[in-house]
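S.K.: coordinates only, sequence not included:
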């Protein structure tokens, strides 16, 4: 039983209150804003811990985190900030106060960012519901009613032209913002895959960097081998020239007598066949002798 408890404690050592990695604190936020478990906790841009739990607590979001070797004061503030363009977040702490932090960091001292995806969605909705034609007419009426001189009239005329341009491109702008929101939503949905892809790319680059010495050694060895082969060829240049010259003469002779060699091989085939038939019955050979004198063959 003691052994089982020891194994369970070793597997969950980070979660134990005394021997776990770091000191646990909590903070209340108005919303999670995409913060997740295992996200970094930073003080002045330096990683000091990680988030261990994110959950609802009534109308607030309770974030539990651990920090190591970091002092937090009783007026510490916390903010959820954007770590990457893909939407990954981290918890930023500002350790203020003279006494050590013992209570939960309240919502009054925490800040949750406005999500970029929500901003795109709200902007798309706002532009789609905007009466740009009425806005242009309002600017025109205002420009005619104000006796502010050419400067005011010029400014209002410019605003009128801007409103007319926006009105003429209203549908295109709405499609653009809707597509932008869709792209941002897709990136947010594939955030883990993109982060994994970038991490794998970093692993590949790290492996290439680790094998740089081996690649350099291989290239140096190939260069040395080339130098040795070149030196061997230079040292045996005369002998190689003689051998290559003789080989060239031999191939030339064979090429000149190619037809004779082919004829000889063709005529040699029957002789080899007859010799094989005569000697293929054991330790003796068959012979055929014709004696024309006695007009008989034995």
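M.R.: Right, received. Where do you want to start? Note that the coordinates shown come from a computational prediction; the quantities given were computed from them, not determined experimentally. Numbers count the residues shown, from 1 in each chain.
S.K.: roughly how far is the helix or strand where residue 231 lies from the heart of the chain?
M.R.: Counting by DSSP states H and E, the element that carries residue 231 is helix 212-235. Distance of helix 212-235 from the chain centroid (Cα atoms, centre = their mean, to the nearest Å) equals 34 Å.
S.K.: can you check stretch 68-76 too?
M.R.: 37 Å.
S.K.: Name the spans of the stretch 51-200 of the chain whose pLDDT lies under the cut-off.
M.R.: Residues of the stretch 51-200 of the chain that meet the criterion pLDDT under 70 lie in 85, 114-133, 135-136, 139-157, 159, 164, 167-168, 170.
S.K.: just the helices in it please.
M.R.: Using DSSP state H, counting those that start in this stretch, the helices found in the stretch 51-200 of the chain span residues 116-129, 132-145, 149-168, 170-189, 191-210.
S.K.: could you say what helices and strands the fourth one packs with?
M.R.: Taking 3 or more Cβ pairs under 8 Å, 6 or more residues apart in numbering; DSSP states H and E as contact, the helices and strands that helix 170-189 lies on are helix 116-129. Every residue, glycine included, has its C-beta placed from N, CA and C.
S.K.: who's in contact with stretch 38-54?
M.R.: Here stretch 38-54 makes contact (Cβ atoms under 8 Å, 6 or more residues apart in numbering) with 15, 22, 24, 32, 35-37, 61-70, 83, 88-95.
S.K.: Pull out the buried members of the residues you listed.
M.R.: For the contacts of stretch 38-54, a neighbour count by 16 or more other Cβ atoms under 10 Å gives the buried set as 22, 32, 35, 61-63, 65-67, 70, 88-93, 95.
S.K.: what sits against the nearest residue to residue 101 once chain neighbours are set aside?
M.R.: Of all residues not flanking residue 101 in the chain, residue 72 sits nearest, at 4.1 Å (Cβ to Cβ, 6 or more residues apart in numbering). Contacts of residue 72 were listed using Cβ under 8 Å, 6+ apart, and they are 25, 93, 95, 100-101.
S.K.: rerun at 10 Å
M.R.: 23, 25, 43, 48, 78, 93-97, 100-102, 105 (Cβ atoms under 10 Å, 6 or more residues apart in numbering).
S.K.: Strands - which of those residues land there?
M.R.: Among the contacts of residue 72, DSSP state E puts 23, 25, 43, 48, 78, 93-94 in strands.
S.K.: Of these, which is the nearest to residue 259?
M.R.: Nearest to residue 259 among those, counting by Cβ to Cβ, is residue 48 at 91.3 Å.
S.K.: Neighbours of that closest one, how many?
M.R.: For residue 48, the neighbour count with other Cβ atoms under 10 Å is 20.
S.K.: now do the one 5 residues further on
M.R.: Other residues near residue 53 number 12, with proximity taken as other Cβ under 10 Å.
S.K.: now swap in residue 244 and tell me
M.R.: 10.
S.K.: That one is in what secondary structure piece?
M.R.: Using DSSP H and E, residue 244 falls in helix 237-256.
S.K.: Summarise which helices and strands that helix is packed against.
M.R.: In this structure, helix 237-256 makes packing contacts with helix 212-235, judged by 3 or more Cβ pairs under 10 Å, 6 or more residues apart in numbering; DSSP states H and E.
S.K.: Please list the outside residues in contact with the helix it packs on.
M.R.: 208, 211, 240.
S.K.: Can you give me the domain assignment for this structure?
M.R.: Using automatic domain parsing, the domain parsing of the chain gives 20-113, 117-188.
S.K.: hey, which of those is tucked in deepest?
M.R.: Ranked by mean neighbour count, the domains of the chain are led by domain 20-113 with a mean of 16 (mean count of other Cβ atoms under 10 Å).
S.K.: Would you confirm that residue 265 belongs to a helix?
M.R.: Yes: applying DSSP: H, G, I helix; E, B strand; the rest coil, one finds residue 265 inside a helix.
S.K.: want to try a markdown table for the contacts of residue 72, with distance to residue 138 as columns?
M.R.: Formatted as a markdown table, the contacts of residue 72 follow (distance: Cβ to Cβ, whole Å):
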| residue | distance to residue 138 |
| --- | --- |
| 23 | 59 |
| 25 | 53 |
| 43 | 51 |
| 48 | 54 |
| 78 | 45 |
| 93 | 48 |
| 94 | 46 |
| 95 | 52 |
| 96 | 48 |
| 97 | 52 |
| 100 | 59 |
| 101 | 54 |
| 102 | 57 |
| 105 | 47 |
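S.K.: Fine by me, thanks again.
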